[in-house]
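*Asks:* just a sequence and a predicted model for now, questions to come.
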Amino acid sequence: TAAAVAQARLNKHPVVLLGACRAATAAPYMHEAWSLPRAFAQAGARAIIAAPVDLPDGEARRFFAPLTERLMRGDAAATALRDERVKWLTAGGAPWVRQVLVFE
């Protein structure tokens with residue numbers, strides 16, 4: 001749960017990639033923002049990449065694979081996402097990638 005994630009301590013400040021459908025959707029609480037990205041940020045993640053929309057499994061794998069490689073090389077999350085999104089869209093890929101967000 002998001003509550004359990006928020007209690008964790010991510011000591012190495014990783015970049016977290018949430019490749020599941022609607023992983024960036026916030027809970028409808030009026031008194032606070034609550035979501036998985038926020039919980040990972042509270043736990044110490046340096047950046048969180050997620051989308052508030054459904055992700056097509058096959059396409060998501062193809063999009064996130066090179067993005068993950070860039071993150072593993074140490075590229076900044078926002079830069080890596082931007083560059084991979086541009087490559088994807090330039091190659092005629094589906095526009096759902098515009099909904100993938102970086103939370104820092």
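*Replies:* Everything's here; your move.

*Asks:* show me the contacts for Trp96.
*Replies:* When contacts are counted by Cβ atoms under 8 Å, 6 or more residues apart in numbering, Trp96 touches Ala51, Val53, Asp54, Leu55, Pro56, Glu59. For every residue, glycine as well, the C-beta is placed using N, CA and C.

*Asks:* what's the separation between it and Arg85?
*Replies:* When distance is defined by Cβ to Cβ, to the nearest Å, Trp96 is 10 Å away from Arg85.

*Asks:* what residues of the helix or strand of the chain with the lowest mean pLDDT count as buried?
*Replies:* Of all the helices and strands that make up the chain, helix 2-7 has the lowest average by mean pLDDT, DSSP states H and E, namely a mean of 90. For helix 2-7, a neighbour-count test (16 or more other Cβ atoms under 10 Å) marks Ala2, Val5 as buried.

*Asks:* same question for stretch 6-15.
*Replies:* So, applying 16+ other Cβ under 10 Å, buried residues of stretch 6-15: Val15.

*Asks:* now do it: everything it contacts.
*Replies:* Residues contacting stretch 6-15 (Cβ under 8 Å, 6+ apart): 16, 38-40, 42-49, 71, 77.

*Asks:* what about 6 Å?
*Replies:* Residues from elsewhere that reach stretch 6-15 (Cβ atoms under 6 Å, 6 or more residues apart in numbering): Ala39, Gln42, Ala43, Gly44, Ala45, Arg46, Ala47, Leu71, Ala77.

*Asks:* farthest-apart pair in those residues, please.
*Replies:* Gln42 and Leu71 (20.4 Å; Cβ to Cβ).
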